[in-house]
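Colleague: give the three-dimensional model of this entry:
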Amino acid sequence: MAQVHQTNPKQVKNWLENNEAIVIDVREPAEFKSGHIKGAVNKPLSTVCLEEVCMPEHTNKKLVLQCQGGKRSMMAVEKLLQENPQMDIYNLEGGINAWAEAGFETQQTGRKVLPLNQQVQLAAGSLIVTGIMLGWFVHIGFVGIALFVGCGLMFAGLTGFCGMMKLLAKMPWNQ
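Modeller: Numbers count the residues shown, from 1 in each chain. Next up, the predicted model:
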């Protein structure tokens, strides 16, 4: 497989100032609206592909992918490199978190929302606590809720597919 190129916020800022790069933000639309790099194009991870309908025109420009912390954008980079191993593509290490920590400005076009991974953590934690409490106070069968969610988290950790994240991404507050 082709080598993944990592880059840092300072280098990306330099490329953007010199019109040498296009930034693709692979977070969900609501996350993008709550704060993004000026000029970035929003293409959620599930829609990333090499077809013209998926990617903006980037001839003679570096293609930099970013997300909240760098994991989803790395998945997108790997997906694109599977389609074209010769592609020159970069992952912004640390994502928009690293961009903000470097003191660079972000643009907000909507209200602030929690990143999807935090929404999953809140939902899963709430379901587990609810299942345990109902199992303790109402009927032991409710512990199955906690067991189901725990198995779902283990499955997500092993495969990289998180059904709860897919479901939460479709919620109205994430559109």
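Colleague: mean confidence (pLDDT) on stretch 147-161, please.
Modeller: Across stretch 147-161, pLDDT averages out at 92.
Colleague: got the buried residues for that stretch?
Modeller: 149, 152-153, 156 (16 or more other CB atoms under 10 Å). Using the backbone N, CA and C atoms, a C-beta is placed for each residue, glycine as well.
Colleague: again, but for stretch 100-119
Modeller: Buried, per 16+ other CB under 10 Å, within stretch 100-119: 104, 113-117, 119.
Colleague: pipe those residues into TSV and attach secondary structure per row.
Modeller: Listed next are the buried residues of stretch 100-119 as TSV, based on DSSP: H, G, I helix; E, B strand; the rest coil:
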residue	secondary structure
104	coil
113	coil
114	coil
115	coil
116	helix
117	helix
119	helix
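Colleague: re the thing from before, which of the buried residues of stretch 147-161 fall in helices?
Modeller: 149, 152-153, 156 (DSSP state H).
Colleague: dump those to CSV, plus distance to residue 14.
Modeller: As requested, these are arranged in CSV below (distance: CB to CB, whole Å):
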residue, distance to residue 14
149, 44
152, 42
153, 39
156, 36
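Colleague: out of these, which is nearest to residue 49?
Modeller: Checking those against residue 49 by CB to CB gives residue 156 as the nearest, at 22.5 Å.
Colleague: that closest one: what's its closest spatial neighbour, skipping adjacent residues?
Modeller: Nearest in space to residue 156, with sequence neighbours left out and distances taken as CB to CB, 6 or more residues apart in numbering, is residue 162 at 3.9 Å.
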